[in-house]
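> requesting a structural model of the entry that follows:
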Amino acid sequence: MKKARVIYNPTSGKELVKKNLADILLILEECGYEASAFATTPAANSARDEAHRAARAGFSLIVAAGGDGTINEVVNGIAGLKRRPKLAIIPAGTTNDYARALKIPRDNIVKAAEVIKKNQTVKMDIGQAGKTYFINIAAGGHLTELTYEVPSELKSIFGYLAYLAKGAEMLPRVKPIKMRMTYDEGTYEGNASMFFLGLTNSVGGFEQIVPDAKLDDGKFSLIIVKTANIFEILHLAALMVKGGKHIEDPRLIYTKTSYLKAETLEANHQMMINLDGEYGGDAPMEFHNLHQHIEIFANADAIPANAILGSVLEGNPTDPLEEDDDYLAASQEFVKEVEKLTDEDIDDDGKITGRKK
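Numbers count the residues shown, from 1 in each chain. Next up, the predicted model:
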């Protein structure tokens, strides 16, 4: 009989996973698995170590239940193995970027678990940086380093952008770093405020940073922001909010690559690297895309067809997820804030917020 191991964070999501654990195990049993569970502990790498142990013990499915940090740990536990179990996700964190990209329900623990019943999986790309694996983003530069100071309740993309827009005291600190970025199509050597590698279209609860991301094409989406002027950066962010228009702006480089080497060319300057929202070491660092490395259960009917290159195990179709009204309201509010700062009509409505008639 197939075995499934649920690895869950007992404190995330108002303990909703813990409260619904019996239902989750029942769903797995209905899918033909002998199911058991493991609650992570405060010990370092608790989820990673249990995922590694379960995979080595022959479990054919691991269910990561918690926030993006728990999912990252589970992936780090199995990614280095030759025989890797399938992965399912039950989101119970703050932004739940990975679940958003896979169209897994983010507001109902049981419905998220029921995605497994559809038997639809996607062979997902992941990233590798040294001995560490990441599932969504890698980034570096002064603009990235400010994210470590953002209060935890603002860890969404709009919280971070609002933090930039309103935090006048930090404006002089966004300085360019002289970098060398070596990627598939060439090398960029010059000043930049940040570089960004994306694996999915969802970053910090926002789906337009990488508007054309594919989940399984073996390529990262690379963005190099060349300007360090905070108002220009906010303008780029507002273009991003308005349908991903930033990717054609000359103030940044946007390309696809399977490899990146990031270096700082400034003596005695540390460039911290962010991997999936956490500090992952310092440059120089090399990043490799591991093509279709982990098979993950997904609500594939709701994923845009152009976001998946490979085949999907088909089950029963479901209705697409509803649009996020909170996202729409937050994006409109952010654009207004940037219009006040830049005195530009960003949303093309013929008006500039804050300008006196």
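
> element containing I126?
In this assignment (DSSP states H and E), I126 forms part of strand 121-129.

> relative to that strand, what are the paired strands and their orientations?
Using DSSP bridges, strand 121-129 pairs in its sheet with strand 132-134 (antiparallel), strand 285-297 (antiparallel).

> could I get the ones you listed as a markdown table with mean pLDDT and mean neighbour count?
From N, CA and C alone the C-beta is placed, and that goes for glycine too. What follows is the strands paired with strand 121-129, written out as a markdown table (pLDDT from 0 to 100; neighbours: other C-beta atoms under 10 Å):
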| stretch | mean pLDDT | mean neighbour count |
| --- | --- | --- |
| strand 132-134 | 98 | 22 |
| strand 285-297 | 98 | 19 |
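
> of all these, which one is nearest K256?
strand 285-297 (9.7 Å; C-beta to C-beta).

> which residues in this structure form helices?
Remark: helices assigned in the chain by DSSP state H are 16-19, 21-30, 46-56, 68-78, 97-101, 109-114, 142-145, 157-166, 230-241, 325-342.

> buried ones in the second one, by neighbour count?
Within helix 21-30, the residues that count as buried by 16 or more other C-beta atoms under 10 Å are L21, I24, L25, I27, L28.

> over to the fourth one?
When neighbours are counted by 16+ other C-beta under 10 Å, the buried residues of helix 68-78 are found to be D68, G69, T70, I71, N72, E73, V74, V75, N76, G77, I78.

> who does that helix touch, helix- and strand-wise?
strand 2-8, helix 46-56, strand 61-66, strand 86-91, helix 97-101, strand 132-134 (3 or more C-beta pairs under 8 Å, 6 or more residues apart in numbering; DSSP states H and E).

> restrict that helix to CA atoms and write it as CSV.
Extracted in CSV, the C-alpha atoms of helix 68-78 (Å, rounded to 0.1, in the frame of the first residue of the first chain):
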residue,chain,number,x,y,z
ASP,A,68,6.1,28.9,2.2
GLY,A,69,8.9,28.3,4.7
THR,A,70,7.6,24.8,5.5
ILE,A,71,7.3,24.0,1.8
ASN,A,72,10.8,25.2,1.2
GLU,A,73,12.2,23.0,4.0
VAL,A,74,10.4,19.9,2.7
VAL,A,75,11.7,20.5,-0.8
ASN,A,76,15.2,20.9,0.6
GLY,A,77,14.7,17.5,2.4
ILE,A,78,13.9,15.6,-0.8
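
> quick one: residues in contact with that helix.
Helix 68-78 is contacted by residues 7-9, 12, 40, 45-53, 55, 62, 64, 84-85, 87, 89, 93, 95-98, 126, 132-136, 275-278, 294 when judged by C-beta atoms under 8 Å, 6 or more residues apart in numbering.

> out of these, which are buried?
Buried residues within those, counting neighbours by 16+ other C-beta under 10 Å: 7-9, 12, 40, 46-52, 55, 62, 64, 84-85, 87, 89, 93, 95-98, 126, 132-136, 275-277, 294.

> quick one on the thing from earlier: and the strand holding I126 with strand 86-91, angle?
Angle of strand 121-129 versus strand 86-91, following axes from the mean of the first three to the mean of the last three C-alpha atoms, to 10 degrees, is 90 degrees.

> show the average pLDDT along strand 121-129.
Mean per-residue pLDDT for strand 121-129: 97.

> distance from it to the middle of the chain?
12 Å (C-alpha atoms, centre = their mean, to the nearest Å).

> swap in stretch 26-46?
The chain centroid and the centroid of stretch 26-46 are separated by 23 Å, computed with C-alpha atoms, centre = their mean.

> contact partners of it?
Against stretch 26-46 from outside (C-beta under 8 Å, 6+ apart): 1-10, 18, 21, 24-25, 47, 50, 54, 60-61, 63, 66, 70, 73, 76, 110, 113-114, 116-117, 119.

> about what we covered before: can the buried residues of helix 21-30 go into CSV with extra columns for distance to S193?
Below are the buried residues of helix 21-30 laid out as CSV (distance: C-beta to C-beta, whole Å):
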residue, distance to S193
L21, 44
I24, 43
L25, 47
I27, 46
L28, 46
